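Asker: Got a predicted structure plus its sequence, pasted below:
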Amino acid sequence: MVDKEEYRKKIVMISGQIFSRYGFRKTTMDEIAKELKMGKSSVYYYFKSKEDIFEAVVLYEANVLRNELTKAIKSVDSPVDKMKNYVFVRMKSFEKLSNYYNAIFDKNLAHFDFIETIREKYDREELAILRLIIYDGVRKKVFNVRNSEYTAIAVQTTLKGLEVPMFWKKKEIDINDRLNAILEVLFYGIMKHRR
């Protein structure tokens, strides 16, 4: 007996690669079926439309990102290392999870309701994680923060602002150098500390 879930997963994995290569608009159900070595009607048995498949791909990648971030944060104890790991994993995962990244940032895809829902959920989850890391750092007297909520929003805004330039101009500056420079400012600021 064919396991329906296994087939759905296979369709999601292969389609994810195709969407990554050609983008959502240019990908056709014919290409997906051909790559899967299935008839188009067989693909339609598992998913109603290309949009349905894309949604499943984006949700799959969102889950991968969530798991990687959770693992990165739990693997260290200090709030500084938690923030470092969070920033590095978050920014580097976007390269691998291009469909999720496109769903969140491509304005041409904004008309899909599920994408707006995913964007909002992503923002909420990210803020919650950042708040926890910051609050933990304040509690352990590592971070000097007046308001965890506003600081979390500021960090999130900084990371969002970095996303587009980081992935459009990959070649000129090493991604690690950029991320370390951001963390330097985040942790130590740009003010000269008075003794």
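Answerer: Looks like it arrived, so ask away. Residues are numbered from 1 along each chain as shown.

Asker: Give me the mean pLDDT for the longest helix anywhere in the chain.
Answerer: Assignment by DSSP state H gives helix 113-139 as the longest helix of the chain. The pLDDT scores in helix 113-139 average 90.

Asker: other SSEs contacting it?
Answerer: helix 50-74, helix 79-96, helix 98-105, helix 148-168 (3 or more C-beta pairs under 8 Å, 6 or more residues apart in numbering; DSSP states H and E). For every residue, glycine as well, the C-beta is placed using N, CA and C.

Asker: Between those helices, which one is closest to E116.
Answerer: helix 98-105 (9.9 Å; C-beta to C-beta).

Asker: Just the buried residues of the closest one, please?
Answerer: 98-104 (16 or more other C-beta atoms under 10 Å).

Asker: closest to N63 among those?
Answerer: Y100 (9.4 Å).

Asker: for this protein, which spans come out with low pLDDT?
Answerer: 1-2, 110, 164-173, 193-195 (pLDDT under 70).

Asker: Domain parsing of it, as residue ranges.
Answerer: 1-47, 50-188 (automatic domain parsing).

Asker: How far away from the center of its chain is the longest one?
Answerer: The chain centre lies 6 Å from the centre of domain 50-188; the measure is C-alpha atoms, centre = their mean, to the nearest Å.

Asker: Now distance to Y22 too, for the buried residues of helix 98-105, in JSON lines please.
Answerer: Listed next are the buried residues of helix 98-105 as JSON lines, based on distance: C-beta to C-beta, whole Å:
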{"residue": "S98", "distance to Y22": "11"}
{"residue": "N99", "distance to Y22": "11"}
{"residue": "Y100", "distance to Y22": "16"}
{"residue": "Y101", "distance to Y22": "15"}
{"residue": "N102", "distance to Y22": "11"}
{"residue": "A103", "distance to Y22": "15"}
{"residue": "I104", "distance to Y22": "19"}
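
Asker: any idea how far the residue lying closest to I104 once chain neighbours are set aside lies from L109?
Answerer: Leaving aside its sequence neighbours, I104 sits nearest to R119 (C-beta to C-beta, 6 or more residues apart in numbering; 5.5 Å). Distance of R119 to L109, given as C-beta to C-beta, to the nearest Å: 10 Å.

Asker: Mind listing the shared neighbours of those two?
Answerer: When contacts are counted by C-beta atoms under 8 Å, 6 or more residues apart in numbering, R119 and L109 are jointly contacted by A103.
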